[in-house]
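Peer 1: Following is a predicted model, sequence given first.
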2 protein chains.
Amino acid sequence: MLFLTPLLVSVVCILIAWIFKNVDGNMERRKRETRARAQARPWVEEDLKDSSDLHAVEEDADDWQDSEENVEHIPFSHTRYPEKEMVKRSQEFYELLNKRRSVRFISNEQVPREVIDNVIKAAGTAPSGAHTEPWTFVVVKDPDVKHKIREIIEEEEEINYLKRMGRQWVTDLKKLRTNWIKEYLDTAPVLILIFKQVHGFAANGRRKVHYYNEISVSIACGLLLAALQNAGLVTVTTTPLNCGPRLRELLDRPSNEKLLMLLPVGYPSKEATVPNLTRKPLDQIMVTV
Amino acid sequence: MLFLTPLLVSVVCILIAWIFKNVDGNMERRKRETRARAQARPWVEEDLKDSSDLHAVEEDADDWQDSEENVEHIPFSHTRYPEKEMVKRSQEFYELLNKRRSVRFISNEQVPREVIDNVIKAAGTAPSGAHTEPWTFVVVKDPDVKHKIREIIEEEEEINYLKRMGRQWVTDLKKLRTNWIKEYLDTAPVLILIFKQVHGFAANGRRKVHYYNEISVSIACGLLLAALQNAGLVTVTTTPLNCGPRLRELLDRPSNEKLLMLLPVGYPSKEATVPNLTRKPLDQIMVTV
């Protein structure tokens, strides 16, 4: 045994060295992975991590068939305008939409219930992958619930800002503070929370994938913004970070629904201001071939 | 030294055991990770694999600031209608949009250029994360380019269908064939291909992340659909599968642009039919709190 001792000692040394290297490497790799993950999707909430969120392939998915295969086809009835009127209508519609601005100062004046019903009906006419209509519009008018929503969002926003502050090399505290205080969540007479249904249920109770659900619901939000603008109401498009699961629970929505957007809706307050911004001209967004 | 040997042997044994456990664990973990990654995005096309596609955090991202921080703020000017008119306008807008249908039979009649300009200007008024306006609308009128687009899409669609056929237990060949033949790509006088800019470039040439680019561009598509319907034109919302990279090259778009949607636009052909579908009633899409 005696002659083995030096050998054993050296083996032990090598092993110890290797182990330490290995452990270090592992830890570094783990750190790197964590960092990479954090950079790629730093804020993605658990609730959103759902593979059915991703696009998927299906025979009808690319064509957004309005139809179940066996639905009867009927002649399409169409309203056609003379060319001159088409130009005028399209010009006026552009001018209407071009006046829309994201408004963060909303008065507490009530808005007619019928108008809210109509703008949501308009949003519900959006096309959707395989005609799944994967949207739920939660209209919140109750002041207590609005205030709870505000508390949740401001709490999470504060964490968002504070966490990120370390990484910013220039920080204007005051400016950030105004960003995480969302007074409009209390003052706006209506909050519309738009949920995407990431899957539905087939007759047999099994999950039914909702293809392109996020794109479909975003298109519906586009129609909703147009409808609000057309009715003379204002809003600001927000996607509250990390608040989805808590808001979903507060509003008692099922787990297949994920919050996509929150729109506070009302009239602008008297002192409402907007940043003096311009939009890209047509030749910067359109290419003709 | 002699009395150390049994101790050394046991230390070596423990170390070896620990190392093997560690290595096994690593390999299993790596396998698990690879599998999870593959399951999460099984089909994503190369061209789409871009981390800037994913949502990301930024101080302004949740609030969709229209603004660079240092932009001057100005009073917001608002058009307010009497309540009765608001109700009427919102009702009429709903009725207009509710007549929209996805139409796959498009006549080859030309449409006024000004109308196309106006509907794209309307789409360009959409809100976007940090006012990045991350969209490019490629308007294709050239018959040869339209035909090349058709060839690319039908080729890829045919592969899509044939590949998936094995997985289907009931296959109606004829029905599928009509799905991958897209005559409207030749007949429609205008094809609008909507690209999302997954990132932009800062003044120093570095990548500038476009937060929420897909949601922003989808909202713009919602405005575009509303504008087309308002002008009396028809379209069908399509998201051609796996064709993005080839169409991007054909149309000479830069690599930071990814195809999101293709809308063939025109008047309906005389024999146009649509599936006899209904939309969900308001109480199935709206919840009031």
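Peer 2: Done, it's in. Predicted model, so just to flag it, every value in this text is computed and none were measured.

Peer 1: now the strands for chain A?
Peer 2: Taking DSSP state E, the strands of chain A run over residues A:73-75, A:135-140, A:190-197, A:199-201, A:207-209, A:257-265, A:273-275, A:286-288.

Peer 1: Turn those into a markdown table, including mean neighbour count.
Peer 2: Just so you know, the C-beta spots here come from the backbone N, C-alpha and C atoms, and that holds for glycine as well. Formatted as a markdown table, the strands of chain A follow (neighbours: other CB atoms under 10 Å in any protein chain shown):
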| stretch | mean neighbour count |
| --- | --- |
| strand A:73-75 | 11 |
| strand A:135-140 | 23 |
| strand A:190-197 | 24 |
| strand A:199-201 | 16 |
| strand A:207-209 | 16 |
| strand A:257-265 | 23 |
| strand A:273-275 | 18 |
| strand A:286-288 | 17 |
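
Peer 1: Make a markdown table from these and add mean pLDDT to it.
Peer 2: Listed next are the strands of chain A as a markdown table, based on pLDDT from 0 to 100:
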| stretch | mean pLDDT |
| --- | --- |
| strand A:73-75 | 94 |
| strand A:135-140 | 98 |
| strand A:190-197 | 98 |
| strand A:199-201 | 90 |
| strand A:207-209 | 85 |
| strand A:257-265 | 97 |
| strand A:273-275 | 93 |
| strand A:286-288 | 98 |
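
Peer 1: Let's have these in JSON lines, adding distance to chain B.
Peer 2: Formatted as JSON lines, the strands of chain A follow (distance: least, CB to the nearest CB, whole Å):
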{"stretch": "strand A:73-75", "distance to chain B": "4"}
{"stretch": "strand A:135-140", "distance to chain B": "5"}
{"stretch": "strand A:190-197", "distance to chain B": "9"}
{"stretch": "strand A:199-201", "distance to chain B": "12"}
{"stretch": "strand A:207-209", "distance to chain B": "12"}
{"stretch": "strand A:257-265", "distance to chain B": "7"}
{"stretch": "strand A:273-275", "distance to chain B": "3"}
{"stretch": "strand A:286-288", "distance to chain B": "5"}
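
Peer 1: what's the closest of those strands to A:Asn160?
Peer 2: Proximity to A:Asn160 (CB to CB) singles out strand A:257-265 among the strands of chain A, at 15.0 Å.

Peer 1: Between strand A:190-197 and the closest one, find me the angle.
Peer 2: Taking axes from the mean of the first three to the mean of the last three CA atoms, to 10 degrees, one finds strand A:257-265 and strand A:190-197 inclined to each other by 160 degrees.

Peer 1: Who are the packing partners of strand A:257-265?
Peer 2: strand A:190-197, helix A:213-231, helix A:244-250 (3 or more CB pairs under 8 Å, 6 or more residues apart in numbering or on different chains; DSSP states H and E).

Peer 1: could you give the angle of that strand to strand A:135-140?
Peer 2: 50 degrees.

Peer 1: And strand A:257-265, how far out from the chain middle?
Peer 2: 7 Å (CA atoms, centre = their mean, to the nearest Å).

Peer 1: send the alpha carbons of it over as CSV?
Peer 2: C-alpha atoms of strand A:257-265 as CSV (Å, rounded to 0.1, in the frame of the first residue of the first chain):
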residue,chain,number,x,y,z
GLU,A,257,-56.9,34.1,-20.9
LYS,A,258,-53.8,36.3,-20.8
LEU,A,259,-53.8,40.1,-20.5
LEU,A,260,-52.7,41.7,-23.7
MET,A,261,-53.6,45.4,-23.2
LEU,A,262,-55.2,47.8,-20.9
LEU,A,263,-57.0,50.9,-22.3
PRO,A,264,-58.2,53.6,-19.9
VAL,A,265,-61.1,55.3,-21.8
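
Peer 1: picking up where we left off before, just so I know, which of the strands of chain A lies nearest B:Ser102?
Peer 2: Once the strands of chain A are compared by CB to CB, strand A:73-75 is nearest, at 12.2 Å.

Peer 1: Show me what the closest one is in contact with.
Peer 2: Outside strand A:73-75, the residues within contact range by CB atoms under 8 Å, 6 or more residues apart in numbering or on different chains are B:271-276.

Peer 1: follow-up on the earlier one: and A:Pro264, which of the helices and strands packed on strand A:257-265 is closest to it?
Peer 2: Here strand A:190-197 is closest among these (CB to CB), at 5.3 Å.

Peer 1: Figure out how far the closest one is from the centre of its chain.
Peer 2: Per CA atoms, centre = their mean, the centroid offset for strand A:190-197 relative to its chain is 10 Å.

Peer 1: contacting residues around whichever residue of chain A sits closest to chain B?
Peer 2: In chain A, the residue that lies nearest chain B is A:Gly222 (1.8 Å; CB to the nearest CB). Neighbouring residues of A:Gly222 by CB under 8 Å, 6+ apart: A:126, B:126, B:218-223, B:225-226.

Peer 1: could these be laid out in CSV, adding distance to B:Asp283 and pLDDT?
Peer 2: Formatted as CSV, the contacts of A:Gly222 follow (distance: CB to CB, whole Å; pLDDT from 0 to 100):
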residue, distance to B:Asp283, pLDDT
A:Ala126, 18, 98
B:Ala126, 29, 98
B:Ser218, 26, 97
B:Ile219, 25, 98
B:Ala220, 30, 98
B:Cys221, 27, 98
B:Gly222, 23, 98
B:Leu223, 27, 98
B:Leu225, 24, 98
B:Ala226, 24, 98
